[in-house]
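# Sharing a sequence plus its predicted fold:
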Amino acid sequence: MAGVGGRVSMHPAAAALATFIDLEATDVTCHVGAWPFRLGAAADVDDLRAYAARAGLRRLWVSHLASLFGFDTRAGNAAVLDACAGDRLFAVFAVLDPSQSSWRAELDWALDRGAAGIRIAPSLRRHPLADAVALARACGERGVPVQLLVRLDDERVRHRMLAGDDPTPEEIAEFVRHTAGTDIVVSGLRWEGWSEVRARLSGDELDRVVLDLWHVNGPFRVFDALAAEPDRWVFGSGFPVQTPEATMLQLTASDLPAEIRRRIARTTAATLLRR
């Protein structure tokens, strides 16, 4: 776009996205596979590589959407582990279902195959969050983080066939309280939901919880408030189920200092996988 005096000026949104690219972020909430309720919400590993190149991402935490909807989790986990094998761009998070009696064997299998962490999705796999306490403790004993997918879509526009109840703030706080020693990454929780969870936790309980930004979306003042707890937050997009640019723009358009943006975009996520 031409600017004053013939100089080329950049649209503010494009400039903000360029600033995000410079962060070399990690996206902690990506998937391969197809979301069953929107035709365009699908990605394979090449789509993820293209997304990473476009957004300047240095690492993607990825699982398979088929593991969220299938009769078991193994097929999707095997597919994503095979597809991502040998590529340092990807950190595979296997989806496990603690209501299945085989979860301990599945945990051993996934970690032996190179999974970097475990995802649980109570509302999609249709199990109480409390059922995942033993699984989360086992992950803590093995030194790998657990990512709790509270939701992957907004319940206000959710397809009627997807009728599971999202974990409540009270349930999330109880889950954290009973999983001492395990790092918990919470994805898909709104700002007000986190405020309710936070009020129920203290000390070491709070120190073990990190939140993904994708569903926090709100006024810029909300993102500006992240400076109060800069190591609490990581960047996630929900890609390809969600459009990542909204969260990218809010992060870069906020008044956060550059160092805090870097910590949110990549440092905290990298630390979680090194512990």
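Noted; the coordinates are in hand. Bear in mind that the values here come from a model prediction, so they are computed numbers and not experimental data.
# now the strands: where do they sit in the stretch 101-250 of the chain?
Taking DSSP state E, counting those that start in this stretch, the strands of the stretch 101-250 of the chain run over residues 117-120, 146-149, 184-187, 209-212, 233-234.
# by contact count, what packs against the biggest strand by length in the chain?
Ranked by residue count under DSSP state E, the longest strand found in the chain is strand 26-34. Packing partners of strand 26-34 (3 or more Cβ pairs under 8 Å, 6 or more residues apart in numbering; DSSP states H and E): strand 42-43, helix 45-55, strand 59-64, helix 74-84, strand 146-149, strand 184-187, helix 268-274. For the C-beta atoms, the positions are set from N, CA and C on the backbone; glycine is no exception.
# As a markdown table, the ones you listed with mean pLDDT and distance to F175 would be great.
What follows is these, written out as a markdown table (pLDDT from 0 to 100; distance: least, Cβ to Cβ, whole Å):
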| stretch | mean pLDDT | distance to F175 |
| --- | --- | --- |
| strand 42-43 | 90 | 29 |
| helix 45-55 | 96 | 29 |
| strand 59-64 | 98 | 19 |
| helix 74-84 | 97 | 22 |
| strand 146-149 | 98 | 7 |
| strand 184-187 | 97 | 8 |
| helix 268-274 | 92 | 17 |
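# Straight-line length of stretch 82-101, end to end?
24 Å (Cα to Cα, to the nearest Å).
# Likewise for stretch 81-91?
9 Å.
# Can you pull out the residues in contact with it?
32, 44-45, 48-49, 52, 57-62, 92, 94, 110, 113-117, 273 (Cβ atoms under 8 Å, 6 or more residues apart in numbering).
# In contact with T252, which residues?
16-17, 19-20, 23, 261.
# Can you tell me which of those is closest to G40?
Nearest to G40, judged by Cβ to Cβ, of those is L17 at 20.4 Å.
# what's the distance between that closest one and M248?
6 Å (Cβ to Cβ, to the nearest Å).
# what sits in contact with each of those two?
Joint contacts of L17 and M248 (Cβ under 8 Å, 6+ apart) are A55.
# Among these two, which residue is more densely surrounded?
M248 (25 against 18; other Cβ atoms under 10 Å).
# Kindly list the main-chain dihedrals of the residue lying closest to that one once chain neighbours are set aside?
Leaving aside its sequence neighbours, M248 sits nearest to F20 (Cβ to Cβ, 6 or more residues apart in numbering; 4.4 Å). The phi/psi pair for F20 (degrees, to the nearest 10) reads phi -60, psi -40.
# Any regions of the chain where pLDDT drops low?
The chain contains residues with pLDDT under 70 at 1-13, 156, 159-161, 163, 217-221, 275.
# which stretches of it form helices?
Using DSSP state H, the helices of the chain run over 12-22, 45-55, 66-69, 74-84, 103-112, 122-125, 133-142, 169-177, 191-198, 204-207, 220-224, 245-253, 258-262, 268-274.
# okay, the helices and strands packed on strand 26-34 in JSON lines with distance to S254 and mean neighbour count next?
Compiled in JSON lines, the helices and strands packed on strand 26-34 are given as follows (distance: least, Cβ to Cβ, whole Å; neighbours: other Cβ atoms under 10 Å):
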{"stretch": "strand 42-43", "distance to S254": "27", "mean neighbour count": "18"}
{"stretch": "helix 45-55", "distance to S254": "17", "mean neighbour count": "16"}
{"stretch": "strand 59-64", "distance to S254": "22", "mean neighbour count": "26"}
{"stretch": "helix 74-84", "distance to S254": "32", "mean neighbour count": "19"}
{"stretch": "strand 146-149", "distance to S254": "24", "mean neighbour count": "26"}
{"stretch": "strand 184-187", "distance to S254": "20", "mean neighbour count": "24"}
{"stretch": "helix 268-274", "distance to S254": "16", "mean neighbour count": "17"}
